[in-house]
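In: structure, please.
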Amino acid sequence: MAPTTETAEGVPTARIVLLTLAAGQFLMALDSSVMNVSIATVAEDVGTTVTGVQGAITAYTLVMAMFMVPGGKVGALIGRRRAFVIGCVVYGCGSLTTALSPDLTVLLIGWSFLEGIGAALILPAIVALVAGNFATERRPAAYGLVAAAGAVAIAVGPLIGGVATTYFSWRWVFAGEVLMVLGILALARRITDAPVAERPRVDLVGALLSALGLGTFVYGVLRSDEWGWFQPKPDAPSWLGVSLVVWLMLAGLLLVWLFLRWETRRVEQRREPLVDPAMLQNKQLTGGLTMFFFQYLVQMGVFFVVPLYLSVALGLSALRTGARLLPLSATLLAAAVLIPRYLPHVSPRRVVRLGITALFGGAVVLMAALDVDAGAEIVTIPLLLIGLGMGALASQLGSVTVSAVPEAESAEVGGVQNSVTNLGASIGTALAGSILIAVMTTSFITDVEQNPAIPAEVKSQATVELESGVPFLSDAQLKSALDEADTSEELARATLDANEEARVEGLRAALAILAFAALLALFFTSRIPRTQPGSAGP
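Out: Numbers count the residues shown, from 1 in each chain. Got it, this is the predicted structure:
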């Protein structure tokens, strides 16, 4: 077992270590949200389309999904601190490349590939390093702060991106990431790590199967908005009349099954596996992983829906949108820090259930408050509840998963854990987006068909042209398009009213599916332990 920083060098060093690891988590999460408000600007600057930049974001997610499990094993082979440092160097090179990118190709190399590889090394190492640097009773607080740093990055990302794009350049965000990496590297020498006792051969076949399986599944999920979940959208690829999304997800699941069979065979042959399948029979570990999956599904779904409502439906700027998300950060940090500090022996299961309930309550309150006449203020109370739920979960889940296995396996657990969170985040965003567009399309076409002010030929044309989905447009964007089409004032007004009502219906439906997911998660909380790791209390 690695010596803990707290006993080896004292509390000041422990705080530096925690700051370093939290900064690493913040940096990894920042890329997931900081550029969403600047996609059009980035596309114009590097001479590509919005679709091209969205493809780069998709590729970044895919690279992380594919290499997260092998990245966790690398930490076990060469040392967690070394993997963390190497990952930071690779990530920093990717950020610098992105900041200087003249075109989409270089952007893909820097942002999607190098940063994705760096993140796949850093994130599993963070999980293992918290376990190695903090005593068992201190881990819930440490994991809570690290997880909170990542969630706060997602919340403030649009604000940071908006400030940079509005007053400077989007490139300054990535230049700032380079400086942050240098700061992390300077502090990383204070992190302790257990020496690597042996260097077994790397399971290349397992690494390939896990990468292909997770990558194929996540790619299918990410393409669901464009291709359709089951029924293929017009001009979307399909096979046997079924959307290619279904076949990609099935192929991904088959490859993951083959990966687990291969790993079982290696264990039977007494050879080093990439991930020991026996870990997945651990009730506490699978309970923690399930909660991580649902947390990130709901969390990223909310971070998709709320900014859409604020920035598109209400027309707020990136700065004002980011500012409206700050209440979530406040309760998130408060719960993540204060629960372990003042309730160190509280039941993890109870806290997790309360956290899931807060996520559910926040989604329901926001869904009920949404209306065509509602303003930005309606998101405050729901975001406070959602932040409270996220903070409560962050304060417990990291410790729950790592304490379920021997510390020597913490790096592998980190890889699996981050794969699960990546999967949950991808499905949450895709599911919320798909439900939103599907309900919005149905509502819009129904309103158009029932409106006597709209001519019959326009109704027929709208039904055909909008079959693949109504775009989520602001009133200003739609009005501009209607003006260009020289639409009559009466028809334009009817179209704007239908779009406004359809937007609200779509947002409500997306929040309803997220609330349902949170409610479903409650049925799996029985796998979370009743007592804190290392505690004999009730």
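
In: for the residue most central in space within the chain, what is the enclosing helix or strand?
Out: Nearest to the mean C-alpha position of the chain, counting by Cα atoms, centre = their mean, stands Ala425 at 3.8 Å. Assigned by DSSP states H and E, Ala425 falls within helix 410-450.

In: so how far is that helix off the chain centroid?
Out: Taking Cα atoms, centre = their mean, to the nearest Å, one finds the center of helix 410-450 at 11 Å from the center of the full chain.

In: that one - what's its average pLDDT?
Out: Averaging pLDDT along helix 410-450 yields 81.

In: again with stretch 29-42
Out: 73.

In: same check, this time on stretch 229-246
Out: 85.

In: show me what counts as buried in that stretch.
Out: 229, 232-233, 238, 243-246 (16 or more other Cβ atoms under 10 Å). Where C-beta positions appear, they are placed from N, C-alpha and C, glycine not excepted.

In: can you name the two of the residues you listed that sit furthest apart?
Out: Lys233 and Val246 (13.0 Å; Cβ to Cβ).

In: where does the prediction get shaky in the stretch 151-300 of the chain?
Out: Low-confidence segments of the stretch 151-300 of the chain (pLDDT under 70): 194-200.

In: where do the strands sit along it?
Out: In the stretch 151-300 of the chain, the strands defined using DSSP state E, counting those that start in this stretch lie at 238-239, 242-243.

In: turn those into a markdown table, columns for distance to Leu397.
Out: Putting the strands of the stretch 151-300 of the chain into a markdown table (distance: least, Cβ to Cβ, whole Å) gives the following:
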| stretch | distance to Leu397 |
| --- | --- |
| strand 238-239 | 38 |
| strand 242-243 | 33 |
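
In: let me know which of these is the nearest to Gly157.
Out: strand 242-243 (30.8 Å).

In: next one: the closest one to chain centre, how far?
Out: The chain centroid and the centroid of strand 242-243 are separated by 26 Å under Cα atoms, centre = their mean.

In: run me through the strand neighbours of that strand, direction for each.
Out: strand 238-239 (antiparallel) (DSSP bridges).

In: contacts for the partner strand, please.
Out: Here strand 238-239 makes contact (Cβ atoms under 8 Å, 6 or more residues apart in numbering) with 227, 232, 244, 247.

In: out of those residues, who's nearest Leu496?
Out: Sorting these by distance to Leu496 puts Trp227 at the head of the list, at 29.6 Å, by Cβ to Cβ.

In: gap between that closest one and Asp235?
Out: 10 Å (Cβ to Cβ, to the nearest Å).

In: pull up the overlap in contacts between these two.
Out: Counting by Cβ under 8 Å, 6+ apart, nothing touches both Trp227 and Asp235.

In: residues near the nearest residue to Leu185 once chain neighbours are set aside, how many?
Out: Excluding its sequence neighbours, the residue lying closest to Leu185 (Cβ to Cβ, 6 or more residues apart in numbering) is Cys88, at 5.6 Å. Look at Cys88: counted by other Cβ atoms under 10 Å, it has 24 neighbours.

In: can you pull the contacts of Cys88?
Out: With contact taken as Cβ under 8 Å, 6+ apart, Cys88 is in contact with 24, 118, 122, 181, 184-185, 188.

In: give me the buried subset of these.
Out: 24, 118, 122, 181, 184, 188.

In: out of those residues, which sit inside helices?
Out: 24, 118, 122, 181, 184, 188 (DSSP state H).

In: just to revisit the earlier point, out of the contacts of strand 238-239, flag the one nearest to Leu253.
Out: Trp247 (10.8 Å).

In: which residue is the nearest non-sequential neighbour of that closest one?
Out: Counting by Cβ to Cβ, 6+ apart, Trp247 lies nearest to Trp239, which is 5.6 Å off, once chain neighbours are set aside.

In: how close does the one you found sit to Leu253?
Out: When Trp239 is compared with Leu253 (using Cβ to Cβ), they lie 16 Å apart.

In: which residues touch stretch 412-419?
Out: With contacts defined as Cβ under 8 Å, 6+ apart, stretch 412-419 is touched by 64-65, 68-73, 75-76, 123-128, 214, 274-276, 279, 285, 288-289, 292, 398, 401-402, 404-405.

In: you'd agree Thr264 is up against Leu280?
Out: No. Counting by Cβ atoms under 8 Å, Thr264 does not reach Leu280; the two are 10.5 Å apart.

In: overlap in contacts, the two.
Out: Residues touching both Thr264 and Leu280 (Cβ under 8 Å, 6+ apart): none.

In: does Val302 touch Ile386 like I think?
Out: Yes. With contacts counted by Cβ under 8 Å, Val302 reaches Ile386, the gap being 5.8 Å.

In: of the strands of the stretch 151-300 of the chain, which is nearest Arg353?
Out: Nearest to Arg353, of these and by Cβ to Cβ, is strand 242-243 at 36.2 Å.

In: where along the stretch 351-500 of the chain do the helices fall?
Out: In the stretch 351-500 of the chain, the helices defined using DSSP state H, counting those that start in this stretch lie at 380-394, 397-402, 410-450, 456-465, 475-484, 489-521.

In: quick check: closest non-adjacent residue to Ser112.
Out: With Cβ to Cβ, 6+ apart, the residue lying closest to Ser112 is Ala59, at 3.6 Å.
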